[in-house]
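Chemist: Here's a sequence, model it:
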Amino acid sequence: MGFKENLKAELAYKDILIKELAVLSGVNRRTIDNYLRENGSVPSADAAVRIAGALGVTVEYLITGQEQQERNNPPLGPDPKVILKNIEALNKRDRKIVLNLIKSLKEMEVSEKK
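Modeler: Numbers count the residues shown, from 1 in each chain. A predicted model of the protein is given here:
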């Protein structure tokens, strides 16, 4: 995937409209629309930095779909954003249960390696 597809995915994931991104980034709405068109243009480095900053991601992520640290780690399988989105949707009590489960699993993994 390239910039256009990653930008679309990030807008959908964060549930941000193009006009909201334009306000947050300072990049003209029509310019962003152009980046998202089928044969759209590629943003300048400055525009890419401003868009990435407004979305809370890196420019590298918007261009490649990967963060640097992901390249050094094995693939996680299910998309971590989907997992995070589901955890965020839980109430406080259930979130605590999930976090305790993860902690327990990690402790079991460490003890098994000993």
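Chemist: Helices of this protein, residue ranges please.
Modeler: Using DSSP state H, the helices of the chain run over 3-14, 18-25, 29-36, 45-55, 59-64, 68-72, 80-89, 92-113.
Chemist: Mean neighbour count and mean pLDDT for those - can I get that in CSV?
Modeler: Quick note: C-beta positions are derived from backbone N, CA and C, even for glycine. Shown next, in CSV, are the helices of the chain (neighbours: other C-beta atoms under 10 Å; pLDDT from 0 to 100):
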stretch, mean neighbour count, mean pLDDT
helix 3-14, 17, 89
helix 18-25, 16, 94
helix 29-36, 15, 93
helix 45-55, 17, 93
helix 59-64, 18, 89
helix 68-72, 10, 48
helix 80-89, 11, 79
helix 92-113, 10, 85
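Chemist: Just give me how far stretch 88-107 sits from the chain centre.
Modeler: Put simply, stretch 88-107 sits 21 Å off its chain's centre (C-alpha atoms, centre = their mean, to the nearest Å).
Chemist: hmm, who's touching it?
Modeler: Here stretch 88-107 makes contact (C-beta atoms under 8 Å, 6 or more residues apart in numbering) with residue 87.
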